[in-house]
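Participant: Just need the structure, nothing else, for what follows:
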Amino acid sequence: MTDLLASAAGAALVFAATNLDDVVVLTMLFVAARGTGRPRPRDIVAGQYLGIGALVGAAVVAAAGLLVVPDPWTGLLGLLPIALGVRALVARATDDGPPAVVGSLLGVAGVTIANGADNIAVYVPVFRTLDPATGLVWLLVFAALVAVWCAVAALLGGHPRVVGLLGRVGHWLVPAVFIAIGATILLTSGVVPHLAARLG
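Facilitator: This is a model prediction of the structure:
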């Protein structure tokens, strides 16, 4: 029982450390859903599960030695949130509500994958050390915490102060956050110097 609790605590700690920024993104998506109707809340939740599932699946396969993660090329995924942010700025509506930066389940999943691509570097060595039973505990904890993350973000996204703030400045703040996330992914992944070396 102690081992089970220790495994669950370790999984929760790793998930929280690698997905803390997702709460911000999810909150903005829930506020956008309230203001524009897109993405729908169920698409946000399903997209988050799909994105986290893809990241964990890739990490498990890589940990088993069946896949080589092309590091630092995963950093190019940072272009996705940048493109979404720029598109929202260019095509922003004239109303005061937050723009629908992401409008579909697959869009949410794509942003989740892009935002969490660096998580794979943490997950792979961890999953290599886990036996199948402990690995199952980790997967169950991750699945439960995705639901917790979505619930927290939905609560924040319904808070009057958060809604009011994003209602006033969301037309530029939400796209700016997406662009900042994408730029951070590009800069911290090492893909920019790697690409420059290849081109130079």
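
Participant: what about L76, how many neighbours?
Facilitator: 18 (other Cβ atoms under 10 Å). To be clear about C-beta, it is placed using only N, CA and C from the backbone, and glycine gets the same treatment.

Participant: any idea how far G164 is from the spatially closest residue to it that is not a sequence neighbour?
Facilitator: In space, and not counting its chain neighbours, L76 is closest to V191: 5.7 Å by Cβ to Cβ, 6 or more residues apart in numbering. V191 sits 38 Å away from G164, going by Cβ to Cβ, to the nearest Å.

Participant: Give me the more crowded residue out of the two.
Facilitator: Neighbour comparison, V191 and G164: the larger count goes to V191, with 21 against 11 (by other Cβ under 10 Å).

Participant: How much space separates that one from A46?
Facilitator: Computed with Cβ to Cβ, the distance linking V191 and A46 is 29 Å.

Participant: try G107
Facilitator: 11 Å.

Participant: between the two, who's got more neighbours?
Facilitator: Legend: neighbour count by other Cβ under 10 Å for G107 and A46, higher for G107 (20 against 17).

Participant: so who does the more buried one touch?
Facilitator: G107 is in contact with 39, 47, 84, counting by Cβ atoms under 8 Å, 6 or more residues apart in numbering.

Participant: at 10 Å instead, please
Facilitator: Listed by Cβ atoms under 10 Å, 6 or more residues apart in numbering, the contact set of G107 reads 29, 38-39, 43-44, 47, 80, 84, 100-101.

Participant: could you redo the residues you listed as TSV and give each row distance to R168, neighbour count and secondary structure?
Facilitator: Shown next, in TSV, are these (distance: Cβ to Cβ, whole Å; neighbours: other Cβ atoms under 10 Å; DSSP: H, G, I helix; E, B strand; the rest coil):
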residue	distance to R168	neighbour count	secondary structure
L29	18	31	helix
R38	20	16	coil
P39	22	24	coil
D43	25	21	helix
I44	22	25	helix
G47	27	26	helix
L80	27	21	helix
L84	21	25	helix
A100	17	22	coil
V101	17	27	coil
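
Participant: any idea which of the residues you listed is least confident?
Facilitator: Across the contacts of G107, the bottom pLDDT score, 57, is held by A100.

Participant: Quick check, pLDDT for the residue nearest to L76.
Facilitator: In this model, V191 carries a pLDDT of 75.

Participant: about what we covered before: joint contacts of G107 and A46?
Facilitator: By Cβ under 10 Å, 6+ apart, the residues touching both G107 and A46 are P39.
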